[in-house]
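Peer 1: need a 3D model of the sequence below.
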Amino acid sequence: QVQLVESGGGLVQAGGSLRLSCAASGRTFTGYVMGWFRQAPGKEREFVAAIRWSGGSTNYADSVKGRFTISRDNAKNTVYLQMNSLKPEDTAVYYCASRPYYSATYYSVGSYDYWGQGTQVTVSS
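Peer 2: Model (predicted):
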C-alpha cells in the first residue's frame, strides 16, 4: 500500500519561499512519476510539477516555471517542491501524487493513483 505524506506548508508573504516535502512509502518507486498538484477554494485541482523517479526528468506548469523546482532524494524516498517568489495566487492546498509510469498525460489528475492528504500554502499580499 503506497503512502504519501506531505509536509512543509504554511503562511508566507508574497515574494517569500517555502519547501514542501512528500515522504513516500509502501513500495519501490523505480519507474514511477511523482507529481505535485494544487487546489484553490472553488477551483479544480491543477497540475504543478512532475518528476520521474528514475532519471529525474521534470515537467512544470507554465504558471510556476522559473519559480518552483521539483526534486527527489532516492535514499530518503522523498520528493520536494521548492517554491520561490511566491504570489497570492499560489495559495492552495498542495497535494503529492504518484503514478506507476510516465506518459504524455503526466499533467492529468486522473492519471495518478495515489494521493497524499495535502498541505495548505497561504501567500499573503
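Peer 1: and stretch 104-123, what's buried?
Peer 2: Within stretch 104-123, the residues scored as buried using 16 or more other C-beta atoms under 10 Å are 106-107, 109, 111-112, 114-116, 118-119, 121, 123. Any C-beta I mention is one placed from the backbone N, CA and C, and that applies to glycine too.
Peer 1: sort out for me which of the residues you listed are in strands.
Peer 2: 114-115, 119, 121, 123 (DSSP state E).
Peer 1: for those, which one is nearest S85?
Peer 2: V123 (10.1 Å; C-beta to C-beta).
Peer 1: so who does the residue nearest the centre of the chain touch?
Peer 2: The chain has W36 as the residue nearest its centroid, 2.0 Å off, counting by C-alpha atoms, centre = their mean. Counting by C-beta atoms under 8 Å, 6 or more residues apart in numbering, W36 makes contact with 20, 22, 48-50, 70, 79, 81, 94-97.
Peer 1: can you lay out those as a markdown table showing secondary structure?
Peer 2: Listed next are the contacts of W36 as a markdown table, based on DSSP: H, G, I helix; E, B strand; the rest coil:
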| residue | secondary structure |
| --- | --- |
| L20 | strand |
| C22 | strand |
| V48 | strand |
| A49 | strand |
| A50 | strand |
| I70 | strand |
| V79 | strand |
| L81 | strand |
| Y94 | strand |
| Y95 | strand |
| C96 | strand |
| A97 | strand |
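Peer 1: buried subset of those, written for ChimeraX?
Peer 2: To isolate the buried ones among the contacts of W36 in ChimeraX, judged by 16+ other C-beta under 10 Å, type:
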select :20,22,48,49,50,70,79,81,94,95,96,97
